[in-house]
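J.: structural data only, the sequence is not supplied:
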């Protein structure tokens, strides 16, 4: 299928041939009929992409802050690779479309194949021949609404949410500053609600269009008649509410809004413009400034958008999905007329030309639609190009999932390995797979993980998807006979651990590695050697400052496990590596222990007792500033002590002797990949014994259990098979402890 993409680094717009998307359990796959170009949002992205690197940085200071934080915590090389990976990736365009359902997931039975629907979401409703969209961002299209007009549902919902934020009533007067597509739709909605509208816009043709969709008056801001028209419509008081739907860096829209507003009026910001408040004027009128966040309640909430959990209507009357449906209902009843707003309908094949025309400047059109063919190519997995078969010692890797971590920390190392051929990458998003194939020499890409596992030319698998899917994909790959490298965690629950263990027992395939990379760090290995040989227990304290996550991060999704379940295995594996001993008991505490919130549970202290008498404490914290090093480890034992600071500095103390070792930050990703490749290609034991992998995973789960119990958790009681894991590892000794 075809999809319109943009390379943010070069700014180039292209139409790519991609695999078809897979259907979500709680969503639908839709063959797109029409999609709307958002001149404002997409135009801004196109302009930013054409800037130099310095210009991009100035345009996105929020991203610069993230880069600086990463630089402090992960070092220059890792930061550079992350930044370049983001910049040089293909990104999607579009967020408002209409089409016909091709497939419905088992948790989206309210939809049926052949149904006409409208789709929303910058993450889903792209300019593509087919899209996979979760249920809460899809609405049926009424019979009386054309597919061309239905494609405006998302933009209409944005306008509808702006209207709801205003709390306007029948008979009031509104002013809409900025009569682009969003302002035009808002004008129609206001008029349908019985509200008189004054439109303000620099371009006269847009003023004329606003009158056509229902504005009482529409004129330019410098028209001498504007103030008189407002006085006439409001009996001299000023408008009840001003909507700012303009964009840009000028403060003029806000200043005009303050001038035209009556005493104690409301100003609703729906667009993205400069808001330098004239304090005295706002104070004297006691104005109420409000913001309208996109389509409505549910936006930026993964539990609503991605996981399909609706808000009860008795508590949240208007969600983004209900706003979309309400807008289409207005269109069906002819209370909002979209015909004057459809400026052009162009075939999607002309996308590159359309964006070039928009980039040339001039007065942009209002509503441009892409039209899509009815006959489309929906192949999810294409055969590999003819290539000579490699020697048996060659690792032919199939990769499931290719997010930011895999693309920056794992795949570059696999790609540099002479003994590795990248056979196939499979991701849920067609564009993610295409990006991975652009950056790395994959022979093919797909959206079909099952097909990848069954492929005859794949002999090893990397699982790098989101956390909750790891256990099932790992077990399936083991059952297919493959050696498996799964990014941590192995599982987010005990059932997943059991699923993997059963796969090993049933097949005898114990060729498993979990991405606990820190034990491969040169400085950590130096630290372990410092305490060797050892006949004494260790006292270990590992402080981790994980930092705050942005709202909406998938790490905050309860379905993916807690943050510590996702990341804590790294730190417990370090303790297991240093002791070489089995974890016996785990105790965990969090802040506000009696009634912990989700944030409290992300700030915890876990103590692990090992069979050799060693004790390790992990403090996992999120509340420090960005200057705090992410990780610091202290180890004491046998008259010696060591401090490892963020894998870049190691302090060693023995009696009166003190040594400082400094190095570039290296958390062991490259060495980890090399060890896995050597194990698979050389027929050697896996880098970490199976028993240790399962025990570390169980210890991580026991931390979460300990927070619930508010007491110690013995691993032998926590999971019955834990005491006899080595029996499941096969006969080649691969399950022995590291």
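T.: Perfect, I can see it now. This one's a predicted model, so the numbers in the text were calculated from it and none came from an experiment. Numbers count the residues shown, from 1 in each chain.

J.: could you use CA atoms for every contact and neighbour count after this?
T.: Fine.

J.: and the helix or strand harbouring residue 154, which residues are buried?
T.: In the assignment (DSSP states H and E), residue 154 maps to helix 153-166. By neighbour count on 16 or more other CA atoms under 10 Å, the buried set for helix 153-166 is 153-163, 165-166.

J.: also stretch 239-252?
T.: Those would be 239, 240, 241, 242, 243, 244, 245, 246, 247, for stretch 239-252 by 16+ other CA under 10 Å.

J.: can you check stretch 104-112 too?
T.: Neighbour counts using 16+ other CA under 10 Å place 104, 105, 108, 111 of stretch 104-112 among the buried residues.

J.: pop the domain breakdown of this protein in here.
T.: Here the domain parsing of the chain from automatic domain parsing is 2-152+307-371, 155-291, 395-514, 517-667+681-728.

J.: quick one, which of those domains is nearest to residue 300?
T.: The closest approach between residue 300 and any of the domains of the chain, judged by CA to CA, belongs to domain 517-667+681-728 at 5.7 Å.

J.: starting at the chain centroid, how far to that closest one?
T.: In terms of CA atoms, centre = their mean, to the nearest Å, the centre of domain 517-667+681-728 is found 26 Å from the chain centre.

J.: swap in stretch 109-121?
T.: From the chain centre to the centre of stretch 109-121 is a distance of 23 Å (CA atoms, centre = their mean).

J.: mean confidence for it?
T.: In this model, stretch 109-121 has an average pLDDT of 96.

J.: how about the helices in the stretch 251-400 of the chain?
T.: 252-260, 279-285, 302-305, 320-332, 351-359 (DSSP state H, counting those that start in this stretch).

J.: in a markdown table: those, plus distance to residue 340 and mean pLDDT.
T.: What follows is the helices of the stretch 251-400 of the chain, written out as a markdown table (distance: least, CA to CA, whole Å; pLDDT from 0 to 100):
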| stretch | distance to residue 340 | mean pLDDT |
| --- | --- | --- |
| helix 252-260 | 25 | 96 |
| helix 279-285 | 36 | 95 |
| helix 302-305 | 32 | 92 |
| helix 320-332 | 13 | 98 |
| helix 351-359 | 20 | 86 |
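
J.: between the ones you listed, which one is nearest to residue 456?
T.: Among the helices of the stretch 251-400 of the chain, the nearest to residue 456 by CA to CA is helix 302-305 (36.7 Å).

J.: beyond the helix holding residue 154, next helix or strand please.
T.: Following helix 153-166 in sequence order, the next helix or strand is strand 173-177 (DSSP H and E).

J.: so which elements touch that following strand?
T.: Other elements packing on strand 173-177 under the criterion 3 or more CA pairs under 8 Å, 6 or more residues apart in numbering; DSSP states H and E are helix 181-192, strand 196-200, strand 239-244, helix 252-260.

J.: which of these sits closest to residue 271?
T.: Short answer: strand 239-244, nearest of the helices and strands packed on strand 173-177 by CA to CA, at 6.1 Å.

J.: chain center to that closest one, what's the gap?
T.: 35 Å.

J.: partner strands of that strand and their direction?
T.: Strand pairing for strand 239-244, determined by DSSP bridges: strand 173-177 (parallel), strand 261-269 (parallel).

J.: tell me the angle of that strand relative to helix 153-166?
T.: Counting by axes from the mean of the first three to the mean of the last three CA atoms, to 10 degrees, strand 239-244 lies at 140 degrees to helix 153-166.

J.: got the contact list for the next helix-or-strand element following strand 239-244?
T.: For strand 239-244, the following helix or strand on the C-terminal side (DSSP H and E) is strand 247-248. Under the criterion CA atoms under 8 Å, 6 or more residues apart in numbering, residues 40, 178, 271, 272, 273, 274 lie in contact with strand 247-248.

J.: repeat that for 6 Å
T.: The contact list for strand 247-248 (CA atoms under 6 Å, 6 or more residues apart in numbering) reads 271, 272, 273.

J.: one more: stretch 137-157?
T.: In contact with stretch 137-157 (CA under 6 Å, 6+ apart) are residues 34-35, 96-98, 116-120, 295, 321, 323-324, 327, 332.

J.: and stretch 450-460, by the same measure?
T.: Contacts made with stretch 450-460 from outside it, assessed by CA under 6 Å, 6+ apart, are listed as 396, 397, 398, 482, 483.

J.: ditto for stretch 349-362
T.: Counting by CA under 6 Å, 6+ apart, stretch 349-362 makes contact with 13, 14, all of which sit outside it.

J.: which helix runs longest in the chain?
T.: helix 690-709 (DSSP state H).

J.: quick one: strands adjacent to whichever helix or strand comes after that one?
T.: Sequence order places strand 713-714 as the next helix or strand after helix 690-709, per DSSP H and E. Using DSSP bridges, the strands paired with strand 713-714 are strand 583-590 (antiparallel).

J.: so where's the stretch 51-200 of the chain shaky on pLDDT?
T.: Counting by pLDDT under 70, the stretch 51-200 of the chain shows low-confidence ranges at 51-88.

J.: so residue 103 is in which element?
T.: If you go by DSSP H and E, residue 103 is part of strand 96-104.

J.: against which helices or strands is that strand packed?
T.: Packing partners of strand 96-104 (3 or more CA pairs under 6 Å, 6 or more residues apart in numbering; DSSP states H and E): strand 27-37, strand 116-120.

J.: just give the nearest non-adjacent residue to residue 249, would you?
T.: Once flanking residues are discounted, residue 249 sits nearest to residue 274: 5.1 Å by CA to CA, 6 or more residues apart in numbering.
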